[in-house]
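Engineer: Dropping the sequence and predicted coords here.
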Amino acid sequence: MGAPAYGAVLLFALALAMGAAAADTAPREEPTLPSTPAASSADAVAAAAVAGSGPGAAGAGISSNSVLVALLDSHYTELSELVEKALLLQTLEDAVGRHNVTIFAPRNEALERDLDPEFKRFLLEPRNLKSLQTLLLFHVLPARHPAGAFPAAAGSHATLSGEDLELAAGANGTLRVARSAVTRPDAVLRPDGVIHGIERLLVPRSVQEDFNRRRSLAAISAVLPTGAPEVDPRTHRLKKPAPPVLPGAPPVLPVWDAMAPGPSIAPAPAPGPGNGKSHFDGHSQVKDFIQTLVLYGGYNELADILVNLTSLATEMGRLVSEGYVLTVLAPNDEAMARLTTDQLSEPGSPENILYYHMIPEYQTEESMYNAVRRFGKVRYDTLRLPHKVVAREADGSVKFGQGEGSAYLFDPDIYTDGRISVQGIDAVLLPEDDTKPSTPVTAAPARKAPAVTGTSRSKFRRGKLLEATCRMAGVFGQRSRLASCQ
């Protein structure tokens, strides 16, 4: 009994030793890390190809030398991105696993710059995923068509999208796919397919019809809401819609918005009916104010210059018709009579003189007096650019100009209607450049201080501090020592 028992124990010990050795030599199973979402589609396809080529692979799969892997790694990056966005990687893997394919890849410029932005926006919308998939599958043929196999006559070939695509080879060796030329034939050659570079994107008819239908619906639904009718505060009537502006026509500027001042000073009358253009008749307004000058009396010379000697009346009417407002500083007949022949003989002198008396603002006697009372000195722009006329307060009135060429506001508010204001003055205003003599003026000799003599000497004016010093010196008997105190 002892010998058999000893042998059984020995066999059991040997079995335990062999099991421990087998456990040490067995390869340890490493934990697998989850795949990161940053892995590229080309790496995923290559990994699937390696897994499919193993001895234990269940299906045929694709190899790392597949045309699909070459497409994702090629310089056709825009097409590769669209394939990923359209979720077509699995569909293309199945197609490559079943048969050879021919892929027509547009160049990147055709998808970046040459493609209509509205059409590209339509393709990238999530609701149009089916259209994007149809568009991309339209570029894939389920057969191998290298450059040498293009038929001489145009023939239709079925695509993975279900629509036919025409292939043709020209007499001079050019290849065409539908309406696009093949710019890089046989750009990529692989055992399971070929890639040709083309110049533009191929758009199937179904996708184009879907895009046109969506665009028409968007145009119909984009109707601007119409609000309540607007009332013109000047005429208290409904505003009429602006007429349509033809393409290329100059912009239509609103006349009423350019007019000044507001209703607080003097509201302008509403445009009168009957002219058909709905704008103010400035020529009649200028004629009215000239007749007012004649009837007022004392301004016949100015009226004669406006009508007979110059064409200023016509120009003023045109400006008022366009919506401008004017304030005319009208010199009376006595002031006009003081003008010399030299001042009126130069070409354009009457026009320049009157332009300097026209202010492109609407001012009344009250508004100008309030302005000079508040600011002291006011500079008004004139129609004689860039000269300005200066106004200040003097003797309870408004004084224009400087020095000897100044004029007072003599007859206020001769004519005021909201667009033209006429203020009578008692002198003709001239710019500072015109008031200077035309002849060169010689420089005056330097004046010397008069010599001090015994009979006549100038009396110096002492200040208060010096007077106090002289009195203090006189108290102490030292006044004669100071020459300034003599």
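Structural biologist: That came through, no problem.

Engineer: For this structure, which helix or strand comes out least confident on mean pLDDT?
Structural biologist: Of all helical and strand segments in the chain, the minimum by mean pLDDT, DSSP states H and E falls on helix 41-52, at a mean of 49.

Engineer: Which other helices and strands does whichever helix or strand comes after that one contact?
Structural biologist: Tracing the chain C-terminally past helix 41-52 and defining elements by DSSP states H and E, one meets helix 67-73 next. Based on contacts counted as 3 or more Cβ pairs under 8 Å, 6 or more residues apart in numbering; DSSP states H and E, the elements that helix 67-73 packs against are helix 41-52, helix 77-85, helix 89-98, strand 101-106, strand 180-190, strand 193-198. Yep, even glycine has a C-beta here, placed from its N, CA and C like the rest.

Engineer: now these in a markdown table, with mean neighbour count and distance to Asn172?
Structural biologist: Conversion of the helices and strands packed on helix 67-73 to a markdown table gives the following (neighbours: other Cβ atoms under 10 Å; distance: least, Cβ to Cβ, whole Å):
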| stretch | mean neighbour count | distance to Asn172 |
| --- | --- | --- |
| helix 41-52 | 16 | 37 |
| helix 77-85 | 18 | 28 |
| helix 89-98 | 17 | 33 |
| strand 101-106 | 24 | 20 |
| strand 180-190 | 16 | 12 |
| strand 193-198 | 23 | 17 |
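
Engineer: between these, which one is nearest to Lys120?
Structural biologist: Between Lys120 and those, the shortest gap by Cβ to Cβ is with helix 77-85, which sits at 9.9 Å.

Engineer: Contacts made by the closest one with the rest, please.
Structural biologist: Helix 77-85 is contacted from outside by 41, 71-72, 74, 89, 92, 105-106, 108, 111-112, 123-124, 132, 136, 139, using Cβ atoms under 8 Å, 6 or more residues apart in numbering.

Engineer: Where does pLDDT dip in the protein?
Structural biologist: Counting by pLDDT under 70, the low-confidence segments of the chain come to 1-62, 217-229, 241-242, 248, 250-280, 433-466, 475-486.

Engineer: run the last query once more with 50
Structural biologist: Of all residues in the chain, those with pLDDT under 50 make up the ranges 1, 23, 25-40, 48-60, 222, 255-278, 438-444, 446-461.

Engineer: would you put the C-alpha positions of stretch 333-347 in PDB?
Structural biologist: Written as PDB, here are the backbone C-alpha positions of stretch 333-347 (Å, rounded to 0.1, in the frame of the first residue of the first chain):
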ATOM      1  CA  ASP A 333     -30.700 151.000 -52.800                       C
ATOM      2  CA  GLU A 334     -28.500 153.400 -50.900                       C
ATOM      3  CA  ALA A 335     -26.000 150.700 -50.100                       C
ATOM      4  CA  MET A 336     -26.000 149.400 -53.700                       C
ATOM      5  CA  ALA A 337     -25.300 153.000 -54.900                       C
ATOM      6  CA  ARG A 338     -22.100 153.100 -52.900                       C
ATOM      7  CA  LEU A 339     -20.600 150.300 -55.000                       C
ATOM      8  CA  THR A 340     -17.800 151.500 -57.300                       C
ATOM      9  CA  THR A 341     -17.400 150.800 -61.000                       C
ATOM     10  CA  ASP A 342     -14.200 148.700 -60.300                       C
ATOM     11  CA  GLN A 343     -16.200 146.400 -57.900                       C
ATOM     12  CA  LEU A 344     -18.800 145.700 -60.500                       C
ATOM     13  CA  SER A 345     -16.600 145.600 -63.700                       C
ATOM     14  CA  GLU A 346     -14.800 142.300 -63.100                       C
ATOM     15  CA  PRO A 347     -16.400 139.300 -64.700                       C
END
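
Engineer: list the buried ones in stretch 306-322?
Structural biologist: Taking 16 or more other Cβ atoms under 10 Å as the basis for neighbour counts, the residues of stretch 306-322 that come out buried are 306-307, 310, 312-313, 315-317, 319-321.

Engineer: Among these, pick out the one closest to Lys240, please.
Structural biologist: When these are compared for distance to Lys240, the smallest value, 19.3 Å, is given by Ser321; criterion: Cβ to Cβ.

Engineer: Is it correct that that closest one is in contact with Ser284?
Structural biologist: No - under the contact definition of Cβ atoms under 8 Å, Ser321 does not touch Ser284, with a separation of 9.5 Å.

Engineer: where along the stretch 301-450 of the chain do the strands fall?
Structural biologist: Remark: strands assigned in the stretch 301-450 of the chain by DSSP state E, counting those that start in this stretch are 326-331, 358-359, 377-381, 388-394, 397-400, 407-416, 420-425.

Engineer: ok, the last one: who's next to it in the sheet?
Structural biologist: Right, the one you point to is strand 420-425. The partner list of strand 420-425 in its sheet, established with DSSP bridges, is strand 326-331 (parallel), strand 407-416 (antiparallel).

Engineer: so which of those strands gets nearest Gln343?
Structural biologist: Distances from Gln343 to each of these were compared using Cβ to Cβ; the minimum, 12.5 Å, belongs to strand 326-331.

Engineer: between the closest one and strand 377-381, what angle do the directions make?
Structural biologist: Comparing the axes of strand 326-331 and strand 377-381 via axes from the mean of the first three to the mean of the last three Cα atoms, to 10 degrees yields an angle of 110 degrees.

Engineer: Provide the contact partners of strand 326-331 at residue level.
Structural biologist: If you take Cβ under 8 Å, 6+ apart as the criterion, strand 326-331 is touched by 289, 293, 299, 301-302, 316, 319-320, 357-363, 380, 389, 400, 407, 411, 414, 419-429.
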